[in-house]
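Requesting a structural model of the entry that follows:
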Amino acid sequence: MPAPRRKPLLLWEPFPYLALFVVLLATSFVRPGAEPWLFWPLIVLLAAALVYLVISIGREKRGANPDQWGNLLGVDDLTLVEAPSADREVRTVVPIDGAAHRQSGIEIARTQGGPEQTAVLVPRASRWMARRYRVGVQLVGGQRPRHAGYLGQAAEDRYVDRLDALRGEGKYVRVPARIVGDGRPFKVELDLSGLDETV
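Residues are numbered from 1 along each chain as shown. Below you'll find the predicted structure:
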């Protein structure tokens, strides 16, 4: 089964706020002295929207690993599938998207773990308020994983269905990674040469 490309609307972070706003707007047009068949259903919808908002806020604060945006709290409780470099004369190196926005995390990972690291690929990762799912890249070379960006579009199109199937089994793939550069801006390259044989 193909991996979903977008979050369901009910799981999209702004949706509870939008639903509450629409119900409040509709409620503002109905006066308390209006017909009961019009007034009370709107009050029930308003209460339901408030409950949905509280539940969604509680869901955001729970400590799932990975969380709803694809960030890892640690790797000790995950089942990792190793995808080491394949023996080739030429390595398959893939740069990641979004590393420019995550320079602090990449720098901390490089300081704690050096330039040669491993990275865990996390399908169904996303940015806050974005509905599009991506394959997140979490550097695992320091004390805790650091979000470095997302798999490039070409590599994501090639591997997302297989990575998502492993995610369904509770497994995540770890690949070799290299942080390029001695100072900012850092770049992160993933060695995906062993991924075809692993997944």
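
I'd like the next helix or strand past the one helix or strand Phe21 maps to.
Element membership for Phe21 (DSSP states H and E) is helix 15-28. Sequence-wise, the next helix or strand downstream of helix 15-28 (DSSP H and E) is helix 36-61.

check contacts around the closest residue to Ile57 other than its chain neighbours.
Using Cβ to Cβ, 6 or more residues apart in numbering and skipping residues adjacent in sequence, the residue nearest Ile57 is Pro16, 7.8 Å away. The way it works is simple: take the backbone N, C-alpha and C, and place the C-beta from them, glycine included. Shown in contact with Pro16 (Cβ atoms under 8 Å, 6 or more residues apart in numbering): 49, 52-53, 56-57.

Roughly how far does the residue most central in space within the chain sit from Arg132?
The residue lying closest to the centre of the chain (Cα atoms, centre = their mean) is Ala125, at 1.8 Å. Ala125 sits 10 Å away from Arg132, taking Cβ to Cβ, to the nearest Å as the criterion.

ok so, going back, what about the residue nearest to the centre of the chain, distance to Ala48?
Counting by Cβ to Cβ, the gap from Ala125 to Ala48 is 30 Å.

coming back round to it: burial of the spatially closest residue to the residue nearest to the centre of the chain that is not a sequence neighbour, as a residue count?
Nearest-residue entry for Ala125: Gly70, 2.3 Å, with adjacent residues in sequence omitted and distances by Cβ to Cβ, 6+ apart. As a burial measure, Gly70 scores 22 neighbours (other Cβ atoms under 10 Å).

what's the answer for Leu45, then?
17.

Quick check: it touching Val23?
Yes. With contacts counted by Cβ atoms under 8 Å, Leu45 reaches Val23, the gap being 4.9 Å.

what's the overlap in contacts for the two?
With Cβ under 8 Å, 6+ apart, Leu45 and Val23 have no common neighbours.

Mind listing residues that contact stretch 98-115?
117, 139-143, 146-150, 178-180, 184-188.

which among those end up buried?
By neighbour count, with 16 or more other Cβ atoms under 10 Å, these hold 117, 139-142, 146-150, 178-179, 186, 188 as buried.

Could you find the lowest-pLDDT member of these?
Within the set of the buried ones among the contacts of stretch 98-115, pLDDT is lowest for Gly142 (74).

Using the three-state scheme, assign that one.
coil (DSSP: H, G, I helix; E, B strand; the rest coil).

sorry, back to before: just the angle for the helix holding Phe21 relative to helix 36-61, thanks.
Between helix 15-28 and helix 36-61, the angle comes out at 160 degrees (axes from the mean of the first three to the mean of the last three Cα atoms, to 10 degrees).

Show me what counts as buried in helix 15-28.
For helix 15-28, a neighbour-count test (16+ other Cβ under 10 Å) marks 15-16, 19-20, 23 as buried.

so can I have TSV of these showing pLDDT?
Below are the buried residues of helix 15-28 laid out as TSV (pLDDT from 0 to 100):
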residue	pLDDT
Phe15	87
Pro16	86
Ala19	86
Leu20	85
Val23	84
